[in-house]
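Undergrad: build the 3D model from these lines:
(one chain, ligands or ions: 1)
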Amino acid sequence: MATVILKKGRARPVLQHHPWVFSGAIARIEGEAQDGDIVVVRDAGGNFLARGTLNRHSQITVRLLSWDQDEAIDLTFWRARLAQAIAGRRALSDDAGTTAYRLVNAEADLLPGLIVDRYADFLVVQFLTLGMDMHKHEIVSLLAEMLQPRGIYERCDEEMRAKEGLPTQEGCLWGEEPPDLLQISENGLRFWVDIKRGQKTGFYLDQRENRRRVQVYCPQRTVLNAFAYSGGFAVYAAAVGAGRITNVDSSAEALDLARRNMALNGFDSRDDEYVPGDVFQVLRHYRDQGRCFDVVVLDPPKFAHTQAQVQRAARGYKDVNLLALQLLRPGGVLVTFSCSGAISADLFQKIVFGASVDAGRDVQIIERLSQGPDHPVLLSFPESQYLKGLVCRVL
Ligand code: SAH
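TA: Predicted coordinates:
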């Protein structure tokens, strides 16, 4: 097994169990190793630090798997890591009203590059790093054995895989091919999910608890659900008797699914409640028309993919939050999210503050939201905290 020797003074993050070794921290690699291989990481003095997978193609050159010198990376290791992640979701797997959740959340479950989501009887997996991709067969057979799904389907995140030098790859890896639309339950509500072609692995599982939390603001209230996708927040709002719910999304397919999800739960809706288009343009148009809402939900896609994009992303967040604040009646509620890891909670709050100043309105934060418990944050890896939300009341 080859050895990665760190530069002097660069061992601290590894000792603290941060799971990444950047290329700049590496002094040299001793021995023969192919990218994807397991390597041992040692400090400048030759002391054992950890084991992980090598990829010289990536800035994150080693992804750490184990800090225990006596632990081999074998089938027993993978089984134990998967079992630990699965056990952590017991509360969800015991809840008959929820059949879709994340079972493995990559680095935060000490399994860098591996995502496993459960959708009813099917599992959707993502292998986002070369190191994890090399162990695909072992992991798929362990998941089949441990969870006995009907099928295991692979989805890929092209952006992440490209950074690792991996090709796009999707399809059924084990068992039955999933149907085009699969029905799941979430907190007792039902949804159609397209796990083969939908966004992410098919559904925004990280928002489950937030969709429920927001219900309290919705009875008899008009709701603008901006960046609606397949209607997650809309279905929850309808379930508590919201007034008119307007869904805006640039994807006509997503809105079509949103309409079907409302019907699946027995909720009426009108065609003009599904508005295809760019949220920025549609909200500007509503503002110019003088339209008002009681509740606005803003759940945009990731605006900042890298640190370099933070400034531009901040402008986007500010603009859309300003528009939302301008559309709210006095006493109205803004539920606003950012899923950009590069935008900190503190910066996000400042951005929303900037929007409130420009809107000329006094705004209170009444709740702070984050990702659900099946998307844990590893303390030694604060990068795993990406979703933040503010529930604000406009005075
Ligand atoms: N709130 C949703 C998830 C939203 S994901 C849920 O709970 O399931 C973000 C959505 O924003 C995607 O559906 C994407 O199609 C849409 N989107 C991205 N950019 C957009 C834009 N400029 N205007 C409108 N929709 C956009």
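Undergrad: which segments of the protein make up each domain?
TA: If you go by automatic domain parsing, the domain ranges for the chain are 3-66, 75-175, 204-394.
Undergrad: just give the closest residue to the residue in the chain that the ligand sits nearest to, not the sequence neighbours.
TA: Nearest residue of the chain to the ligand, counting by CB to the nearest ligand atom: Gly232, 2.9 Å away. Where you see a C-beta, it was placed from the backbone N, CA and C, and this is true even at glycine. Spatial nearest neighbour of Gly232, excluding adjacent residues (CB to CB, 6 or more residues apart in numbering): Arg211 at 5.3 Å.
Undergrad: show the pLDDT at the one you found.
TA: Predicted confidence (pLDDT) at Arg211: the value is 98.
Undergrad: again with the one 10 residues further on
TA: At Arg221 the predicted local confidence, pLDDT, stands at 98.
Undergrad: quickly note the distance from it to Ile245.
TA: 9 Å (CB to CB, to the nearest Å).
Undergrad: who has more neighbours, the two?
TA: Ile245 (28 against 20; other CB atoms under 10 Å).
Undergrad: quick one: name the residues of the stretch 201-350 of the chain near the ligand.
TA: Residues of the stretch 201-350 of the chain lying near the ligand by CB under 6 Å from any ligand atom: 204, 207, 227, 229-230, 232-233, 248-251, 254, 278-279, 299-301.
Undergrad: among those, which are in strands?
TA: 248-249 (DSSP state E).
Undergrad: which of the residues of the stretch 201-350 of the chain next to the ligand count as buried?
TA: Among those, those classed as buried by 16 or more other CB atoms under 10 Å are 204, 207, 227, 229-230, 232-233, 248-249, 251, 254, 279, 299-300.
Undergrad: output these as JSON lines; include the columns distance to Thr53.
TA: Below are those laid out as JSON lines (distance: CB to CB, whole Å):
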{"residue": "Tyr204", "distance to Thr53": "29"}
{"residue": "Gln207", "distance to Thr53": "31"}
{"residue": "Phe227", "distance to Thr53": "35"}
{"residue": "Tyr229", "distance to Thr53": "33"}
{"residue": "Ser230", "distance to Thr53": "35"}
{"residue": "Gly232", "distance to Thr53": "35"}
{"residue": "Phe233", "distance to Thr53": "38"}
{"residue": "Val248", "distance to Thr53": "42"}
{"residue": "Asp249", "distance to Thr53": "37"}
{"residue": "Ser251", "distance to Thr53": "35"}
{"residue": "Ala254", "distance to Thr53": "35"}
{"residue": "Val279", "distance to Thr53": "39"}
{"residue": "Asp299", "distance to Thr53": "34"}
{"residue": "Pro300", "distance to Thr53": "33"}
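Undergrad: helices - which of the residues you listed land there?
TA: 232-233, 254, 279 (DSSP state H).
Undergrad: could you dump those into a markdown table and include pLDDT?
TA: As requested, these are arranged in a markdown table below (pLDDT from 0 to 100):
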| residue | pLDDT |
| --- | --- |
| Gly232 | 98 |
| Phe233 | 98 |
| Ala254 | 97 |
| Val279 | 98 |
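Undergrad: of the buried ones among the residues of the stretch 201-350 of the chain next to the ligand, closest to Gly341?
TA: Pro300 (14.1 Å; CB to CB).
Undergrad: contacts only, for the closest one.
TA: Contacts for Pro300 (CB atoms under 8 Å, 6 or more residues apart in numbering) come out as 226-227, 279, 316-317, 320, 337-339.
Undergrad: if you rank those residues by neighbours, which is first?
TA: Ser338 (29 neighbours).
Undergrad: could you give the bridge partners of that residue?
TA: Beta bridges link Ser338 to Lys388 when assigned by DSSP bridges.
Undergrad: in TSV: the contacts of Pro300, plus distance to Glu164.
TA: Listed next are the contacts of Pro300 as TSV, based on distance: CB to CB, whole Å:
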residue	distance to Glu164
Ala226	33
Phe227	28
Val279	32
Gly316	27
Tyr317	28
Val320	32
Phe337	27
Ser338	25
Cys339	21
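Undergrad: closest to Pro149 among those residues?
TA: The nearest one, if we look at those relative to Pro149 and count by CB to CB, is Cys339, at 27.0 Å.
Undergrad: helices of this structure, start to end?
TA: 12-15, 75-87, 90-93, 130-133, 136-147, 158-163, 208-214, 232-239, 252-264, 279-289, 310-327, 345-359.
Undergrad: any idea which of these scores lowest on pLDDT?
TA: The minimum mean pLDDT among the helices of the chain belongs to helix 158-163 (a mean of 90).
Undergrad: convert that helix to CSV, retaining C-alpha atoms only.
TA: Provided in CSV are the C-alpha atoms of helix 158-163 (Å, rounded to 0.1, in the frame of the first residue of the first chain):
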residue,chain,number,x,y,z
GLU,A,158,-22.3,15.3,-13.2
GLU,A,159,-20.5,18.3,-11.7
MET,A,160,-19.1,16.3,-8.8
ARG,A,161,-18.1,13.3,-10.9
ALA,A,162,-16.4,15.5,-13.5
LYS,A,163,-14.2,17.0,-10.7
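Undergrad: what residues does that helix touch?
TA: Taking CB under 8 Å, 6+ apart as the rule, helix 158-163 contacts 58-59, 128-129, 167-169, 305.
Undergrad: among the residues you listed, the buried ones, what's the ChimeraX command?
TA: Provided next is the ChimeraX selection string for whichever of these are buried by 16+ other CB under 10 Å:
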select :58,128,129
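Undergrad: since that was my last question, I'll sign off now.
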